[in-house]
Structures are given as C-alpha cells and as structure tokens.
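Q: any chance you can model this:
(one chain, ligands or ions: 1)
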Amino acid sequence: MSSNGNTKHVKLLVLGSGPTGYSAALYAARAELQPVVLTGMQLGGQAALTYTIENYPGFPDGVGGAQLGELFQKQAEHFGAVTEFASANAVDLSQRPFRVESDSGDYLADSLIVGTGASPNHLDIPGEMELTGRGVSYCATCDGWFFKDKKVVVVGGGDSALEEGLFITRYASSVTVIHRRNEFRASPILQHRAKEHPKVNFILDTVVTDVIGNNKLEAVKLKNVKTGEETIYETDGLFIFIGHTPNTEMFKGQLDMNDLGYININEKMETNVRGVFAAGEAADPHFRQVVTSAGMGAAAAIQATRFLEAESG
Ligand SMILES: Cc1cc2nc3c(=O)[nH]c(=O)nc-3n(C[C@H](O)[C@H](O)[C@H](O)COP(=O)(O)OP(=O)(O)OC[C@H]3O[C@@H](n4cnc5c(N)ncnc54)[C@H](O)[C@@H]3O)c2cc1C
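A: The predicted structure follows:
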C-alpha cells in the first residue's frame, strides 16, 4: 500500500453508508468513538435504490428507500458520526492500527467495521454490457421512468425481481417476468400481487441468452430450458435482478470468507482479525434485509466499543 501523505488516525472507521454502515456509525457515535463513515459509490447502499420499503419496522405506510437512507445518515451524524464521500481502495489488516487507503486520503484505524454490502449480479451474456444504460438496467427506481408506455422484461424470481417489476408497472405498458424455473423464490405476498396485476405476465422455465440491439436495446433472445426452443422477444427495457455478490474483493487473503466471498464472522460480528468486524450483506448470505443489516451493524459497533474499551482500560 502506498501513502498519499494525508493520513488521519481514527478510533473506528466504517466502510459503507448502507443500513449496516450508518447503524454501526449511530451506535459508535453514541459511544463517543467519533466514527468516520466512508460512503463508497452508493450513498445509502442498495436500500436507497428501491422506491419503497414496506418491511422496515416503524413505518406502517412504508418509507422511500432513499428517504430511509437519509434518515439513517442524519441520525448517525446527529450524534457525531462523520461522513466522507470516498471509497476504500486498499486495506492492510496485518497490524494495528489498520491502514485503509481511500479516495479522500489514508486512514489509520484502531478498529474497522466492514459494511460494504453487495452489488447486483450480471447475466454475463452477449450484448449485456454494451447495452447497459441503453435499455439494460439493474435499478428500477433509477431507470423505470425512462420506460413510460414501453415494453419491459424483468429477469429473476426473487423478491427484488417481483417488487421492482411491480414498481415498473407505474410506467411501462407491460412487464414480462422471465424466470429460469417454474416456481418463484419471492415471498407469497409479492407473488400474489404480481400474478394479479393486469400489466404483468410471466415466461417461466426460460433464460435470456442474448441481448440484441444496435446502440439501443431492441430484443432479447430466450431459451426454454426444458424444450431448448429459442425465440426472439422484442422489448424496450431489460431489468436484471438475479442476486448479488458481496463487495469483499479487497479483503481477500486478509479476512476469512466463504466460497461466495461472504466474510466469515462469529455471533459477535468478529472476523478472523481482532479489531475488524463485518456486518450486513458483506457477511450475510442468509437474510439480506435492511432490518437485519441494520441490526448486524449495531451489533458490530457495540462489539467494537467493547473491544476498544477492553484495550484502554
Ligand atoms: C432493488 C432492491 C430492493 C430491495 N428491497 C428491500 C426491501 O424492500 N426490504 C428490505 O429489507 N431489503 C430490501 N433490499 C435489500 C437491502 O437493500 C439490503 O439488504 C441492505 O441494503 C444491505 O445493507 P448493507 O449496508 O449491508 O449493504 P448495502 O446496502 O449494499 O450498502 C453497501 C455500502 O457499502 C459501500 N461500499 C461498497 N464498497 C465500498 C468501498 N470499497 N469503500 C467504502 N464503501 C463501500 C456502498 O457504497 C454502500 O454504501 C433490496 C435490495 C435491492 C437491490
């Protein structure tokens, strides 16, 4: 790791500004650790990408994803958390204080909470990258509006696919959900809403194999996984919701993780490196919710506080 000469020493550095990061920062700030939060590229995390969140307790009428992110940030900052609009680019966890290289300078941190979350998976098929932003999207809240009165295809079978597909019906003339199985993983309430919606239809047992268009999406090639039959399906939009990969590449070789890249933690959010804690979607392949991520972030901060107190006293 190189140093850019602008090194700040902090008691606790939090990586990530999603539900995990700001919950951790809230608890750490109230414990007077003056935490610094590095936001990464997505302020508010994935939650800020969704139009509405109906399952975060305390909001009986739901809350906007971006609005909830702002509230998390405001509450943490109210107690003294500091937000830095920067990403961590490299870490050295071989000795304490830990060194973190970021866009806004280097940090020496007595303790670290990793809340770097996850990023959407790609289909990795021909045409996908070339037409991203030209009809292909991973964010309905960001791009749904561009598909007013247009035909849209949504790929996926989980909560995100159906929730975001339903959101796109506000704009699109039709939403076709393409799923590689004939059963959905999504919660029953979302399945019910999608099946009842007049604009939503389904193509099951089918995968998208090609994204077709000249500078702009025109169609997708579909393949029925049971019969092998291939068809061209015309569409203006392709929204892909097929899961996520944890943003943990930077920690490989330093923090223990599973085969999928989720950081291994114990019930106290401790990693294999003393003083480094991980929480939320970076360390959780099981639940992946705002409420569980926020809870894990809080637990990590409580444990980091105990860790630092034990050392000083
Ligand atoms: C479309 C969609 C809809 C969803 N709807 C719901 C819902 O209705 N209810 C629900 O409970 N959950 C929902 N979820 C899931 C929920 O958003 C996530 O479980 C939650 O946001 C995870 O929180 P997190 O803080 O662990 O990670 P994330 O939200 O992924 O945040 C990660 C943070 O880390 C930052 N980061 C990444 N790399 C770096 C780096 N190198 N340096 C510094 N920072 C970095 C990012 O900028 C981001 O701020 C939805 C997710 C999606 C994608």
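
Q: report how many residues lie close to Thr248.
A: A count of nearby residues for Thr248, using other CB atoms under 10 Å, gives 21. In this view, the C-beta of every residue, glycine as well, is placed from N, C-alpha and C.

Q: the strands in the stretch 201-313 of the chain, which residues?
A: 206-213, 217-224, 230-234, 237-240, 244-246, 276-278 (DSSP state E, counting those that start in this stretch).

Q: residues from the stretch 151-300 of the chain in reach of the ligand?
A: 160, 163-164, 247, 280-281, 288-291, 293 (CB under 6 Å from any ligand atom).

Q: does anything pack onto the helix of greatest length in the chain? Which helices or strands?
A: Looking across the chain with DSSP state H, the single longest helix is helix 290-312. Packing partners of helix 290-312 (3 or more CB pairs under 8 Å, 6 or more residues apart in numbering; DSSP states H and E): strand 7-15, helix 19-30, strand 105-114, strand 276-278.

Q: show me the contacts for Val208.
A: Contacts for Val208 (CB atoms under 8 Å, 6 or more residues apart in numbering) come out as 123, 125, 153, 155, 178, 220-222, 238.

Q: circling back: ok now the longest helix of the chain, how far from the chain's centre?
A: Computed by CA atoms, centre = their mean, to the nearest Å, the chain-centroid distance of helix 290-312 equals 20 Å.

Q: got the angle between it and strand 7-15?
A: Here helix 290-312 runs at an angle of 140 degrees relative to strand 7-15 (axes from the mean of the first three to the mean of the last three CA atoms, to 10 degrees).

Q: CA-only coordinates of helix 290-312 in PDB, if you can.
A: What follows is helix 290-312, C-alpha atoms only, in PDB (Å, rounded to 0.1, in the frame of the first residue of the first chain):
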ATOM      1  CA  VAL A 290     -32.500  -3.700   5.700                       C
ATOM      2  CA  VAL A 291     -33.600  -4.600   9.200                       C
ATOM      3  CA  THR A 292     -31.200  -7.500   9.600                       C
ATOM      4  CA  SER A 293     -28.300  -5.500   8.100                       C
ATOM      5  CA  ALA A 294     -29.000  -2.600  10.500                       C
ATOM      6  CA  GLY A 295     -29.200  -5.000  13.400                       C
ATOM      7  CA  MET A 296     -25.800  -6.500  12.500                       C
ATOM      8  CA  GLY A 297     -24.300  -3.100  12.100                       C
ATOM      9  CA  ALA A 298     -25.500  -2.100  15.500                       C
ATOM     10  CA  ALA A 299     -24.100  -5.300  17.000                       C
ATOM     11  CA  ALA A 300     -20.700  -4.800  15.300                       C
ATOM     12  CA  ALA A 301     -20.500  -1.300  16.800                       C
ATOM     13  CA  ILE A 302     -21.400  -2.500  20.300                       C
ATOM     14  CA  GLN A 303     -18.700  -5.100  20.000                       C
ATOM     15  CA  ALA A 304     -16.100  -2.700  18.600                       C
ATOM     16  CA  THR A 305     -16.800  -0.400  21.500                       C
ATOM     17  CA  ARG A 306     -16.200  -3.200  24.000                       C
ATOM     18  CA  PHE A 307     -13.100  -4.200  22.200                       C
ATOM     19  CA  LEU A 308     -11.600  -0.700  22.300                       C
ATOM     20  CA  GLU A 309     -12.700  -0.200  26.000                       C
ATOM     21  CA  ALA A 310     -11.100  -3.500  27.000                       C
ATOM     22  CA  GLU A 311      -7.900  -2.300  25.400                       C
ATOM     23  CA  SER A 312      -7.800   1.100  27.000                       C
END
